[in-house]
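Q: Task: produce atomic coordinates for the following.
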Amino acid sequence: MFYKQWAGCNLPSQRQDSLRKIQEIRLVILAGGVSVPSPPRKASPALFGVNIMITIKKNRYYCEFCKKSGGAANWIKKHEERCTLNPNRYCGYCHLLEGARGIDEEPPKLADLMAILPNPDKYLLSDEWGFTSYPGLEEAVDAVLPKLREACNDCPACIMAALRQKGIPVPIAVNFDFKKECQSIWSDFNDAQRQNDYY
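A: Sure thing, here's the model as predicted:
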């Protein structure tokens, strides 16, 4: 497009009456007017002698159960279905275990997993400054962790969900590493896929 200089700005070539109208608007703004029209799409931001910001309002979507948020509604909806704080969650890892380790069983009920864990309220201590601690809870969780693993076929997402919904801080389960255990499942799954492709 051909551009020509006018009032120190690069403007698209257009008829003289359009340029005159723009100049009149510019004079109104310089005289203290408050109504600032939107500039042409490809015009310079300094078109009217003022700095013009572009404001765009976008929706942000939040999980109903945790603090996770995002700009894509479908992504948050999918997260909510699997959120470890959702009492009626769908566990994708339980179904992944079928292909990764040949485990073909119904996912365990979350209430049954939570019943295995100790009650954290019995271990809760608060000091005069409001700090909380759980003396003895680490040992109690460690003692029942093997039973919990057996009940959920060693599914890390189910273990995480049971801990969180029981109100037990996840770091207290020192022998449970969510990230590493998820990576192990994916590794087994990929190995199984490669073997199936080979045969």
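Q: how deep is Asn86 tucked in, by neighbour count?
A: Asn86: 18 surrounding residues under other C-beta atoms under 10 Å. (C-beta placed from N, C-alpha, C; glycine too.)
Q: any idea how far Glu150 is from it?
A: Between Asn86 and Glu150 the computed distance is 23 Å (C-beta to C-beta, to the nearest Å).
Q: and what of Gly136?
A: For Gly136, the distance to Glu150 (C-beta to C-beta) stands at 23 Å.
Q: Domain map for the chain?
A: Domain assignment for the chain by automatic domain parsing gives 1-57, 60-88, 91-198.
Q: How are the helices of this structure distributed by residue range?
A: 16-30, 73-82, 92-101, 110-116, 137-151, 156-166, 178-198 (DSSP state H).
Q: Quick check: which of those helices is nearest to Tyr123?
A: helix 137-151 (4.0 Å; C-beta to C-beta).
Q: List the buried residues of that closest one.
A: 137-138, 140-141, 145, 148-149, 151 (16 or more other C-beta atoms under 10 Å).
Q: Ok, stretch 162-176 next?
A: Applying a neighbour-count criterion of 16+ other C-beta under 10 Å, one finds 162-166, 168, 172-173, 176 buried in stretch 162-176.
Q: Tell me, please, the helix or strand in the chain that averages the lowest pLDDT.
A: Within the chain, confidence by mean pLDDT, DSSP states H and E is lowest for strand 3-6 among all helices and strands, at a mean of 42.
Q: which of the residues in stretch 183-199 are buried?
A: Neighbour-count burial for stretch 183-199 flags 185, 188-189 (criterion: 16+ other C-beta under 10 Å).
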